[in-house]
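Chemist: Need a 3D model of the following:
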Amino acid sequence: MPKLKRIDTDEEIGEITDKQLDFLVDQLEEEHDEDQDYFVDKDTLELLSDNGADPELLALLEKALGDDDSMDIAWE
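Modeler: Numbers count the residues shown, from 1 in each chain. Purely as a prediction, here's the structure:
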């Protein structure tokens, strides 16, 4: 299963399903074909929610973001 982590703190966010990863890759901007990191803020979470994100994925990202304004995440 793919795992998400915060790049800035190197903390693991958690495991996600392949379907959830596909959704993130489809929704978030990549700088190149092999890009595996993304900028996430509250607006990003709202966009994901509006576009039908899995509630468990949203909860995982919201928890990881916490009180921070933004975070950079990566998957492996």
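Chemist: from what I can see Ile13 touches Leu61, true?
Modeler: Yes. Contact between Ile13 and Leu61 holds when scored by C-beta atoms under 8 Å: they sit 7.2 Å apart. For glycine as for every other residue, the C-beta is placed from the backbone atoms N, C-alpha and C.
Chemist: Common neighbours of the two, please.
Modeler: Listed contacts common to Ile13 and Leu61 are 4, 73; contacts here mean C-beta atoms under 8 Å, 6 or more residues apart in numbering.
Chemist: what about this structure, any weak spots by pLDDT?
Modeler: Applying pLDDT under 70 to the chain flags the ranges 30-35.
Chemist: can you give me the strands in it?
Modeler: Ranges of strands in the chain, per DSSP state E, are 3-6, 12-15, 37-41, 70-75.
Chemist: which strands and helices sit next to the first one?
Modeler: In terms of contact count using 3 or more C-beta pairs under 8 Å, 6 or more residues apart in numbering; DSSP states H and E, strand 3-6 is assigned the packing partners strand 12-15, helix 55-65, strand 70-75.
Chemist: Go again with 7 Å.
Modeler: Judged by 3 or more C-beta pairs under 7 Å, 6 or more residues apart in numbering; DSSP states H and E, strand 3-6 is in contact with strand 12-15, strand 70-75.
Chemist: go on, the longest one?
Modeler: The contact analysis (3+ C-beta pairs under 7 Å, 6+ apart) places strand 70-75 against strand 3-6, strand 37-41.
Chemist: could you dump the shortest one to PDB, C-alpha only?
Modeler: Translated: strand 3-6. What follows is strand 3-6, C-alpha atoms only, in PDB (Å, rounded to 0.1, in the frame of the first residue of the first chain):
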ATOM      1  CA  LYS A   3       2.300   5.600   2.200                       C
ATOM      2  CA  LEU A   4       2.000   9.400   2.600                       C
ATOM      3  CA  LYS A   5       4.500  11.400   4.600                       C
ATOM      4  CA  ARG A   6       5.200  15.100   5.400                       C
END
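Chemist: Which positions in it come out as buried?
Modeler: Buried residues in strand 3-6, defined by neighbour count with 16 or more other C-beta atoms under 10 Å: 4-6.
Chemist: Please name whichever of the strands of the chain is nearest to Leu21.
Modeler: Leu21 sits nearest to strand 70-75 of all the strands of the chain, at 6.0 Å, using C-beta to C-beta.
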